[in-house]
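Peer 1: Structure of the sequence below:
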Amino acid sequence: MVAMTERVDEVLRAGKAPHFHGLVVMRGGEVVLERYGAGRDHRLGEDLGHVVFDRDTLHDLRSVSKSVVGLLYGIALGEGLVPEPGEGLVRQFPEYPDLVADPGRAHLTIEHALTMTLGLEWNEDAPYTSPANSEIAMELAPDRHRFVLERPVVEEAGKRWAYCGGATALLGAVIARGVGRPLTEYAESALFRPLGIGDFGWTKGDDGIESAAAGLRLRPLDLAAVGRLVLDGGRDIVPGEWITRMLTPRMVIEDEFRYGFQWYIGTGGRRLYEGIGNGGQRLLVAPGEDLVVAVTAGEYDAGMDSAGALLDAVLDR
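Peer 2: This is a model prediction of the structure:
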């Protein structure tokens, strides 16, 4: 443990993680390392200016939010409130009868959303400040769910992984409809409160709907607690069967990197499960080392890798 701390502190001293905001490492269910920084930060769509971070500061998780939505789907499924992943996706939105009746979309399932294999036109390569980015265009659309579901079909669903925040937006809607409450309320009662998490935020769009794909805000300590829940097999909060299904490698991303249900899976020499978000937000679960690592950073759209430098130091890789 001393060696890991020395490696992390050397990364910070050497300026190899210049935009890091927070780091929490848990082993055996206990926090063994905690570091905080300072720097410019943003909430979705809002410049927060220079922030001095500490253990009580909320931070955008960006697309790590997707991995939390994956957990929420499993909780709701265990309660019998949402359909099985193999059920049809478009039929969950009966307010769009033209799309429900479209034979080209009839084969889409909830599992295709969970695995980001919808086969619909979607591109998030543009900066997340540009309407050329499909996720931003979705946020600006008068109806976010219709925007996603009516994208042109470009390939057969289930054949290829293609990053898609719209898929998570649809999952958030299916959860909210199934439980009869907004996603935020369900997350609080079903996941956060049982974990002892009392302070969180979930940024909403102009339509009042949570940005399921990127809007969650947690403290790094609480993000690590979510990771520990996964490492513990869901305990009595998330059905253990769902944790197994969620973390089963399903789609190839590249080399030894796979995708499950809203979680990334490293299948190399050590099995790793990750939530990854724009700007350097990371949640890493390493079962072989009984380790959970949460990182927050401020490198939004910058292409830098403070999180990677810190994770390499923690894992000694």
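Peer 1: residues touching residue 38, list them.
Peer 2: For residue 38, the contact set (CB atoms under 8 Å, 6 or more residues apart in numbering) comprises 21, 50, 51, 52, 53. Every C-beta, even on glycine, is put in place using the N, C-alpha and C of the backbone.
Peer 1: got those as a markdown table, with distance to residue 227 and secondary structure columns?
Peer 2: Formatted as a markdown table, these follow (distance: CB to CB, whole Å; DSSP: H, G, I helix; E, B strand; the rest coil):
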| residue | distance to residue 227 | secondary structure |
| --- | --- | --- |
| 21 | 17 | strand |
| 50 | 28 | strand |
| 51 | 23 | strand |
| 52 | 25 | strand |
| 53 | 19 | coil |
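Peer 1: Narrow those residues to those that are buried.
Peer 2: Among the contacts of residue 38, the ones that count as buried by 16 or more other CB atoms under 10 Å are 21, 51, 53.
Peer 1: show me where the stretch 201-317 of the chain has helices.
Peer 2: 220-231, 240-246, 306-315 (DSSP state H, counting those that start in this stretch).
Peer 1: pull the CA atoms of the last one into CSV?
Peer 2: Only the C-alpha atoms of helix 306-315 are listed here, as CSV (Å, rounded to 0.1, in the frame of the first residue of the first chain):
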residue,chain,number,x,y,z
SER,A,306,-4.8,12.5,-16.1
ALA,A,307,-7.1,9.6,-15.1
GLY,A,308,-5.0,7.1,-17.1
ALA,A,309,-1.8,8.3,-15.3
LEU,A,310,-3.4,7.9,-11.9
LEU,A,311,-4.9,4.5,-12.7
ASP,A,312,-1.6,3.2,-14.0
ALA,A,313,0.0,4.3,-10.7
VAL,A,314,-2.6,2.6,-8.6
LEU,A,315,-2.5,-0.6,-10.6
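Peer 1: and stretch 189-197, how far apart are its ends?
Peer 2: 10 Å (CA to CA, to the nearest Å).
Peer 1: Apologies, that question was intended for stretch 240-251.
Peer 2: Span of stretch 240-251 from end to end, CA to CA: 21 Å.
Peer 1: Any buried residues in it, and which?
Peer 2: 242, 243, 245, 246, 247, 249, 250, 251.
Peer 1: Now render those as a markdown table, adding distance to residue 283 and pLDDT.
Peer 2: Below are these laid out as a markdown table (distance: CB to CB, whole Å; pLDDT from 0 to 100):
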| residue | distance to residue 283 | pLDDT |
| --- | --- | --- |
| 242 | 17 | 99 |
| 243 | 14 | 99 |
| 245 | 19 | 99 |
| 246 | 13 | 99 |
| 247 | 13 | 99 |
| 249 | 18 | 97 |
| 250 | 19 | 97 |
| 251 | 19 | 98 |
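Peer 1: closest to residue 301 among the buried ones among the contacts of residue 38?
Peer 2: The closest of those to residue 301 turns out to be residue 21 (CB to CB; 15.7 Å).
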